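K.L.:
Sharing a model prediction with you, sequence too.
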Amino acid sequence: MSYYQYPQNPYQPPRESTGLSVASLVLGILSMLGFFAIILVPLAGVITGHLGLRREPQSRSLAIAGLITSWIGLVLAIVVYAVAIWLIWWVGSEYGNYSYYENMTYS
C-alpha cells in the first residue's frame, strides 16, 4: 500500500479555438450597428459563421448567433442599396428631361 499520491498529469489537452465563431458574432454585431453599409462586414460575418459552425462544434451557439446577426445585416445592406439605386434612378428619370433653355425667354 502506497502512501504517496500519484502525480498529476502536467500536460493538458489543448483547448479548441473558438476564433471563427467569435469573429462571426463580432462582425454580426458590427453589421447591426450600421456597418452594413460596407457590405463586406456582414458578408465576412456570414462566411466566418458558416466556417465556425462546421469547424468548431463546441461553440455552436456563438456561430449561430453570429450567422443570424450577419444575415440580418446583409439583408439590411441589400435593402438599403436597392432603395438608393431606385432613388437615384427615379430622380434621374424625373428630372432628366428638363432643360434649362426651354423656359428662357429672350427679349
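P.N.:
Nice, I can see it.

K.L.:
hang on, isn't residue 81 packed against residue 36?
P.N.:
No: Residue 81 sits out of contact with residue 36 when judged by CB atoms under 8 Å, with a separation of 9.5 Å. In short, each C-beta sits where N, CA and C put it, glycine included.

K.L.:
which of the two has more neighbours?
P.N.:
The residue with more neighbours, out of residue 81 and residue 36, is residue 36; 24 against 13, by other CB atoms under 10 Å.

K.L.:
Okay, helices next: where are they in the chain?
P.N.:
Across the chain, reading from the start of the chain, the helices by DSSP state H fall at 19-32, 40-55, 60-95.

K.L.:
Could you save these as a markdown table and add columns showing mean pLDDT?
P.N.:
Formatted as a markdown table, the helices of the chain follow (pLDDT from 0 to 100):
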| stretch | mean pLDDT |
| --- | --- |
| helix 19-32 | 93 |
| helix 40-55 | 94 |
| helix 60-95 | 90 |
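
K.L.:
most tightly surrounded among these?
P.N.:
Ranked by mean neighbour count, the helices of the chain are led by helix 19-32 with a mean of 22 (mean count of other CB atoms under 10 Å).

K.L.:
residue closest to the middle of the chain?
P.N.:
For the chain, the residue sitting closest to the mean C-alpha position, by CA atoms, centre = their mean, is residue 42 at 1.7 Å.

K.L.:
List the residues that contact that residue.
P.N.:
Under the criterion of CB atoms under 8 Å, 6 or more residues apart in numbering, the contact list for residue 42 reads 27, 28, 31, 35, 36, 70, 71, 73, 74, 76, 77.

K.L.:
Right, I'll leave it there.
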